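1. Quick one, fold the following:
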Amino acid sequence: MTNLMLRDPFFEDLFDFRRDFDKIFNRILTVRPWGKEEEVTPWTAFNFAPAVEAYVDKEAKKYVCKVSLPGIEPKEVQINVQGNMLTITGERKLTRTAKEPELHYQEFTYGKFERALELPEGLNLEKMNAEFVNGVLEITAPVAAAALPRKIEVKAVQVVAKAA
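-> Sure, this is the predicted structure:
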């Protein structure tokens, strides 16, 4: 004999509401002007680009830009600098051997990506370097000493009153 569990319709309505709300929200984020709809994933949501962390390391006197690119081959990534814009483009290629595997989960997104960042002033772009380690692309460029913030000392001046 099997046990039969009855569902509480109150909670079912809450789950339906949540699912419907998520569908609406995802559609707002993913429908393109030309009507194409894509599923929201970490790679396709909002900017349709990989995560980036960029900062100026004042101690090392260099600009650092880290780009999260797990599962992407370094040869699939291109870096271009034009003026003060850094553009990172590439492609995550499908590497499955079976033509149509029976998927249980699919959260990876495959295809092309692009990320453009405005560079701060004072970088030596001729000495820009890029390394790819453990799925993280790290782009560095030296910062000119004149471009780094510096502390200016405030001096106290004593005012001497003139005798009349």
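
2. CA atoms for contacts and neighbours, from now on please.
-> OK.

3. Next up, the contacts around the residue positioned nearest the centre of the chain.
-> Per CA atoms, centre = their mean, the C-alpha nearest to the average position across the chain is that of A51, at 2.0 Å. Each residue near A51 by CA atoms under 8 Å, 6 or more residues apart in numbering is listed here: 67-68.

4. Please apply the same query to the one 3 residues further on.
-> With contacts defined as CA under 8 Å, 6+ apart, A54 is in contact with 63-66.

5. Please apply the same query to P74.
-> Residues near P74 by CA under 8 Å, 6+ apart: F132.

6. All the strands of the protein, residue numbers only.
-> 52-57, 62-68, 77-82, 85-92, 111-118, 129-133, 136-142 (DSSP state E).

7. between the second one and strand 85-92, what angle do the directions make?
-> With axes from the mean of the first three to the mean of the last three CA atoms, to 10 degrees applied, the angle from strand 62-68 to strand 85-92 works out at 30 degrees.

8. Pairing partners for strand 62-68, with directions?
-> strand 52-57 (antiparallel), strand 136-142 (antiparallel) (DSSP bridges).
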